[in-house]
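Visitor: take a look and give me a structure for this.
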Amino acid sequence: MKILQINKFLKNVGGAETYMFQLSKSLKDRSMDVKFWGMYDKENLVQDFPELLAYNIDYGNQGIFKKISSVKETIYSVKNRKNISQVLDIFKPDIVHIHNYNFQLSPSILPEIKKRNIPIVQTIHDSQMVCPYHRLFNFQRNETCTKCVEGSFINCIKDRCFDGSLFKSTVGAAESMLYHSLGYYNKFIDAYISPSNFLANLIKKRINKEIQVIPNFTTVSIPTNPISPTENFYLYYGRISDEKGILELTEIFKKIKLKLIIIGKGALEEELSKSIAGYGNIEFLGPKYGEELFNYIVQAKYVIQPSKWFENCPMTIIESFSLGVPVIGSNHSGFKDLIVDGKTGFLFDFSNDNKVLEKFLEIDNKPIDQLKENVKTFYDKNLSPDIHIHKIISVYENLLNK
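Guide: Just a heads-up that it's a prediction; the model follows:
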């Protein structure tokens with residue numbers, strides 16, 4: 001089977017790229033022919049079709065006239081449609097598996113694939129089809145937002161969701177309005193996959209097609225030389241940014257005095273470091289990767305994810321579960337798909353300060369061995385690589401056999 005993976009980034013930027021590359025490796029291990037198409041970048045991890053890659057539109061480094069001329073390519077790219085046409089004719093894939101493609105690649109590529117009768121599978125990594133900003137979060141108000149999910153995409157312009165920019169927000173809203181009005185998402189995508197019920201239920205409010213829920217997976221393995229900490233610790237790892245609730249988490253640990261280790265990088269690093277200065281029970285280690293990161297995860301008592309914004313299918317939870325570590329997460333969105341409260345971890349309302357303090361002190365005294373057993377059982381039954389790949393291949397085969 002020949003599979004073309006399409007994603008705007010062909011380097012590791014976030015969870016979508018991590019998933020795509022891990023999926024592709026697993027497919028290649030099963031003797032499938034996998035190639036990639038997306039944007040050019042000197043840091044790309046794959047080099048298929050180098051002369052036919054899309055170029056990266058960076059509004060931040062453009063003048064006003066160049067920005068205006070770039071809008072058309074952002075919303076509907078004639079150049080990218082021509083490029084994907086050549087890629088399809090060269091590679092002749094049996095399946096096209098699309099990930100994130102709006103804006104930089106644009107849905108203009110979809111008719112070109114469909115006219116060759118090639119089935120299109122889309123894994124929905126974010127909420128872009130119901131939220132032009134694709135984050136369900138308004139950073140100006142510092143709160144979650146679902147105004148566009150069932151309402152008008154004009155809300156994106158009114159609230160200037162894209163970095164407070166009227167220009168960017170107008171482009172984003174225009175793109176959403178165009179392709180929904182033309183019915184592209186119902187007309188051209190043959191099979192939708194969502195990593196969570198939470199996201200699937202949101203997308204169904206605007207897409208009239210079946211969405212199969214298949215949680216993400218990981219190929220993390222237990223470290224061979226784990227660290228040996230001198231005390232139990234709780235671990236946050238991920239982006240150091242406001243929507244992740246990291247500053248609020250440190251305020252909790254300042255009061256309960258339990259050990260918290262923080263790993264990651266992001267815009268709030270300096271503010272975080274200043275905030276925890278003088279608190280010996282909170283340690284910020286900066287970014288860690290690979291086995292060094294997994295060493296900390298596997299030794300943690302719990303991994304904590306106090307995200308304020310809605311998450312789809314957090315890879316941090318899947319990685320933690322793969323290493324047998326229970327997770328404390330926010331009581332909303334994709335967290336509720338993965339964390340069985342009291343069995344594979346705990347769901348917290350982090351906005352309720354008094355109850356959060358009580359719950360942390362309560363669970364810190366609970367035996368954890370049974371939770372670890374539950375995590376292993378849950379992972380093996382629902383999230384293992386073999387289960388995931390089998391489901392993905394079944395989606396491919398069902399489309400090819402229609």
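Visitor: let me know the next secondary structure element after the worst-scoring helix or strand of the chain on mean pLDDT.
Guide: Using mean pLDDT, DSSP states H and E, helix 64-75 stands out as the lowest-scoring helix or strand of the chain, at a mean of 66. Toward the C-terminal end, the helix or strand that comes next after helix 64-75 (DSSP states H and E) is helix 78-91.
Visitor: just the C-alphas of the helix or strand following that next one, formatted as CSV.
Guide: Proceeding C-terminally, helix 78-91 gives way to strand 95-98 as the next helix or strand, assigned by DSSP H and E. Extracted C-alpha coordinates of strand 95-98, given in CSV (Å, rounded to 0.1, in the frame of the first residue of the first chain):
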residue,chain,number,x,y,z
ILE,A,95,-4.4,6.6,0.2
VAL,A,96,-3.8,10.2,1.1
HIS,A,97,-3.7,10.8,4.9
ILE,A,98,-4.1,14.5,5.7
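Visitor: what lies in contact with strand 95-98?
Guide: For strand 95-98, the surrounding residues in contact (CB atoms under 8 Å, 6 or more residues apart in numbering) are 1-7, 88, 113, 118-123, 189, 396, 399-400. Backbone N, C-alpha and C define where each C-beta goes, glycine included.
Visitor: direction included, what does it pair against?
Guide: In the sheet containing strand 95-98, the strands it pairs with under DSSP bridges are strand 2-6 (parallel), strand 120-123 (parallel).
Visitor: Serialize the ones you listed to JSON lines and add fields for mean pLDDT and mean neighbour count.
Guide: Shown next, in JSON lines, are the strands paired with strand 95-98 (pLDDT from 0 to 100; neighbours: other CB atoms under 10 Å):
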{"stretch": "strand 2-6", "mean pLDDT": "98", "mean neighbour count": "22"}
{"stretch": "strand 120-123", "mean pLDDT": "98", "mean neighbour count": "22"}
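Visitor: redo these as CSV? Include distance to residue 353.
Guide: Supplementary listing: those in CSV, determined by distance: least, CB to CB, whole Å:
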stretch, distance to residue 353
strand 2-6, 44
strand 120-123, 37
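Visitor: to residue 284, which of those lies closest?
Guide: Smallest distance to residue 284 across those (CB to CB): 33.1 Å, for strand 120-123.
Visitor: could you check how far the closest one is from the centre of its chain?
Guide: Shown here is strand 120-123, whose average C-alpha point lies 15 Å from the average C-alpha point of the whole chain (CA atoms, centre = their mean, to the nearest Å).
Visitor: the following helix or strand past it pairs with which strands, parallel or anti?
Guide: Moving toward the C-terminus from strand 120-123, the first helix or strand encountered (DSSP H and E) is strand 137-138. Sheet neighbours of strand 137-138, with direction, are listed as strand 143-144 (antiparallel) (DSSP bridges).
Visitor: contacts only, for residue 105.
Guide: Taking CB under 8 Å, 6+ apart as the definition, contacts of residue 105 comprise 6, 8, 38, 39, 54, 77, 80.
Visitor: show me what the fifth one bridges to in the sheet.
Guide: When you say that, I think you mean residue 54. As for beta bridges, residue 54 partners with residue 39 under DSSP bridges.
Visitor: gap between it and residue 87?
Guide: The spacing between residue 54 and residue 87, counted by CB to CB, to the nearest Å, is 11 Å.
Visitor: and the fourth one, by the same measure?
Guide: Using CB to CB, one obtains 13 Å as the distance from residue 39 to residue 87.
Visitor: can you pick out the residue with more neighbours from these two?
Guide: When residue 39 and residue 87 are compared for neighbours, residue 87 comes out ahead with 24 against 19, by other CB atoms under 10 Å.
Visitor: residues in contact with that one?
Guide: 4, 37, 49, 52.
Visitor: residues near the last one, how many?
Guide: Counted with other CB under 10 Å, the burial measure for residue 52 works out to 16 neighbours.
Visitor: wait, it touches residue 35, no?
Guide: No - distance between residue 52 and residue 35: 11.2 Å, which falls outside the contact criterion (CB atoms under 8 Å).
Visitor: for residue 232, report the pLDDT, please.
Guide: The predicted local distance difference test score for residue 232 is 89.
Visitor: that one against residue 302, yeah?
Guide: No - in this structure, residue 232 sits apart from residue 302 without contact. The criterion is CB under 8 Å, and the distance is 9.3 Å.
Visitor: now residue 168: closest residue in space, sequence neighbours ignored.
Guide: When the adjacent residues along the chain are set aside, residue 168 lies closest to residue 162, with 3.5 Å between them (CB to CB, 6 or more residues apart in numbering).
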